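Asker: sequence unknown, structure follows:
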């Protein structure tokens, strides 16, 4: 394997289901790799078709978003499948701009990608068990009220939490974004359909359920000025302590 072993954390999520035969695992990768580092290493982890696409991008912000997303995604997928070559895997965009793995792999695997400010995140998972990741920087200078539309029911749920206004609005946006990625619609759909039913504060995270998508939930947590959200089926769970365990850091 070519060496890109730096600037990321790998988290193995052991997904537990009520039906134990459906237990599975997912790989979460978080990276704070710099733009200059990614430029230097891009030929190692980008597929030739991805490299061609990258060379068409002119905006530095868009270049960084593409590189850090693909970087985290390649590490997540190869870790999940125990593969050795990053650049042999091509991740393209579907009709709704969702990431799609084009290669014929040993297992039916998909990946979810997110990027905000200096953090890239990717979640590789079995296609049999839909999931998605979202990360959002908590920007206290932003006026989120006009951006995040809150229903009266959601407002009541928010009041029961002890989370700062800007943080909870960022978290709600992130949770809805994660769900929309699982559904492959994005938040371009009417936000009303993503109305939150409950927000439950747990020891290390918040658990969000939805009024119209009762088969899904989102686990969100706050760490170092960012909100992270993972969407998964309602009857699936993983140990949140794994998220805060920095044992496997590169």
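Answerer: Perfect, thanks for sending it. Small disclaimer: the values here were computed from a predicted structure and weren't measured.

Asker: got phi/psi on residue 102?
Answerer: phi -90, psi -20 (degrees, to the nearest 10).

Asker: if I look at the nearest residue to it once chain neighbours are set aside, how far off is residue 74?
Answerer: What sits nearest to residue 102 in space, not counting adjacent residues and going by C-beta to C-beta, 6 or more residues apart in numbering, is residue 90, at 4.4 Å. To be clear about C-beta, it is placed using only N, CA and C from the backbone, and glycine gets the same treatment. Applying C-beta to C-beta, to the nearest Å, the value for residue 90 to residue 74 is 10 Å.

Asker: next: residue 101.
Answerer: 10 Å.

Asker: against which helices or strands is the biggest strand by length in the chain packed?
Answerer: Ranked by residue count and defined by DSSP state E, the top strand of the chain is strand 8-17. Counting contacts by 3 or more C-beta pairs under 8 Å, 6 or more residues apart in numbering; DSSP states H and E, strand 8-17 packs against strand 24-31, helix 60-81, strand 226-233, strand 236-237.

Asker: walk me through the domains of this structure.
Answerer: Structural domains assigned to the chain are 1-129, 135-225, following automatic domain parsing.

Asker: what helix or strand is the spatially most central residue of the chain located in?
Answerer: Nearest to the geometric centre of the chain sits residue 133, at 1.9 Å (C-alpha atoms, centre = their mean). Using DSSP states H and E, residue 133 falls within strand 132-137.

Asker: packing partners of that strand?
Answerer: Secondary-structure packing of strand 132-137 (3+ C-beta pairs under 8 Å, 6+ apart): strand 109-116, strand 119-126, helix 165-183, strand 226-233.

Asker: tell me the contacts of the residue lying closest to residue 123 once chain neighbours are set aside?
Answerer: Of all residues not flanking residue 123 in the chain, residue 133 sits nearest, at 4.0 Å (C-beta to C-beta, 6+ apart). By C-beta atoms under 8 Å, 6 or more residues apart in numbering, residue 133 lies in contact with 28, 112-114, 121-123, 178, 181, 228-231.

Asker: let's see 10 Å
Answerer: 26, 28-30, 72, 76, 111-114, 121-125, 174, 177-178, 181-182, 228-231 (C-beta atoms under 10 Å, 6 or more residues apart in numbering).

Asker: returning to what we had before: rebuild the helices and strands packed on strand 132-137 as a markdown table, extending it with mean neighbour count.
Answerer: Formatted as a markdown table, these follow (neighbours: other C-beta atoms under 10 Å):
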| stretch | mean neighbour count |
| --- | --- |
| strand 109-116 | 24 |
| strand 119-126 | 26 |
| helix 165-183 | 23 |
| strand 226-233 | 24 |
